[in-house]
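Asker: based on what follows, work out the 3D shape:
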Amino acid sequence: MTSVGLVVQARMGSTRLPGKVLRPVGHLTLLGHVIGRLSQLPQRWPVVVATSTDARDDAIVAWCRQADVATFRGSEHDVLDRYLQCARTWDFEHVVRLTADNPFTDVPELERLVQLHLDGGFDYTHSFGMMPLGVGTEVISRSALERSHVEGLQPHHREHVNEYIQEQPELFRIGVLDIPANKRAPNLRLTVDTEEDWRRADALARQARGRWLETQEAIALCSSSA
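Answerer: Next up, the predicted model:
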């Protein structure tokens, strides 16, 4: 059986918004939004929060324990190694990479992305560049992670996980998900990296009143308030 795992990288040591992953956005923490959205997937793919061994990230592990979410701990700065060791530990053949600062992941497009990745036999498949920033995701095969780990030795390869693949596309079979026109807004930020991002995400979450906003709804709300 093909093993797919959803791995959410999270840490408390953000330089611009320290502790943001456990900061409230509407009625949930930022990490709570990410995990809650993934629970909407019809497939029961395992979800693992991959954090670091830094003591500051004990709070993330405690939150996950309360929420009954699995965790993995690895290097804080060598995120590529953290992902590979997590995939090996859980025996994932394909890893969906998510980050805890993106509370508006488009779950239907994530599901289509994984299907495209598996059907096409790709090493790396993504949905970046069309939807708002922070809404798209990516899938990386374990063999691509293994190769990146051996050959991607520059600091940015280790920090950003996918950059060796993006810099050496001739070495990998890469798929790109086409996105419906009503979900396209590549200039809109729906990630949370600054105070302005947080205010936008918090306002959207409050307007949703406990629902999971669809991407086209978020785009429309941001357009009407611009």
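
Asker: going by C-alpha atoms from here, please, whenever you check contacts or count neighbours.
Answerer: OK.

Asker: check which helix or strand the nearest residue to Leu171 once chain neighbours are set aside maps to.
Answerer: Leaving aside its sequence neighbours, Leu171 sits nearest to Ile165 (Cα to Cα, 6 or more residues apart in numbering; 7.6 Å). Here Ile165, judged by DSSP states H and E, is contained in helix 163-167.

Asker: need the contact partners of that helix.
Answerer: By Cα atoms under 8 Å, 6 or more residues apart in numbering, the list of residues contacting helix 163-167 from outside reads Tyr124, Ala144, Ser148, Gly152, His156, His157, Leu171, Phe172.

Asker: would you tell me what the next helix or strand after that helix is?
Answerer: From helix 163-167 onward toward the C-terminus, using DSSP H and E, the following helix or strand is strand 174-176.

Asker: now do the buried residues in stretch 49-58.
Answerer: Val49, Ala50, Thr51, Ser52, Asp57, Asp58 (16 or more other Cα atoms under 10 Å).

Asker: residue contacts, the fifth one?
Answerer: What it means is Asp57. In this structure, Asp57 makes contact with Arg11, Met12, Thr51, judged by Cα under 8 Å, 6+ apart.

Asker: local confidence estimate at it?
Answerer: Looking at Asp57, its pLDDT is 97.

Asker: hang on, it in a helix?
Answerer: Yes - under the criterion used here (DSSP: H, G, I helix; E, B strand; the rest coil), Asp57 sits inside a helix.

Asker: quick check: end-to-end length of stretch 173-186?
Answerer: Start-to-end span of stretch 173-186 (Cα to Cα, to the nearest Å) is 24 Å.

Asker: typed the wrong thing, it's stretch 23-41
Answerer: End to end - Cα to Cα - stretch 23-41 spans 24 Å.

Asker: same thing with stretch 95-114?
Answerer: Taking Cα to Cα, stretch 95-114 runs 9 Å from one end to the other.

Asker: for this structure, where's the lowest mean pLDDT among helices and strands?
Answerer: Lowest on mean pLDDT, DSSP states H and E among the helices and strands of the chain sits helix 215-225, with a mean of 91.

Asker: which residue lies nearest the spatial centre of the chain?
Answerer: For the chain, the residue sitting closest to the mean C-alpha position, by Cα atoms, centre = their mean, is Leu98 at 1.3 Å.

Asker: which ones among the contacts of helix 163-167 map onto helices?
Answerer: With helices taken from DSSP state H, the overlap with the contacts of helix 163-167 comprises Ala144, Ser148, His156, His157.

Asker: show the average pLDDT along stretch 188-208.
Answerer: On average, the pLDDT along stretch 188-208 is 96.

Asker: can you pull the buried residues of it?
Answerer: Along stretch 188-208, these residues count as buried under the neighbour rule (16+ other Cα under 10 Å): Leu188, Arg189, Leu190, Thr191, Val192, Asp193, Trp198, Arg200, Ala201, Asp202, Leu204, Ala205.

Asker: just the closest of the residues you listed to Asp91, please.
Answerer: Proximity of these to Asp91, judged by Cα to Cα, is greatest for Thr191, which lies at 29.3 Å.

Asker: tell me how far the strand or helix carrying Gly32 is from the chain's mean position?
Answerer: With elements delineated by DSSP H and E, Gly32 resides in helix 30-38, which encompasses its position. Counting by Cα atoms, centre = their mean, to the nearest Å, helix 30-38 is centred 10 Å from the centre of its parent chain.
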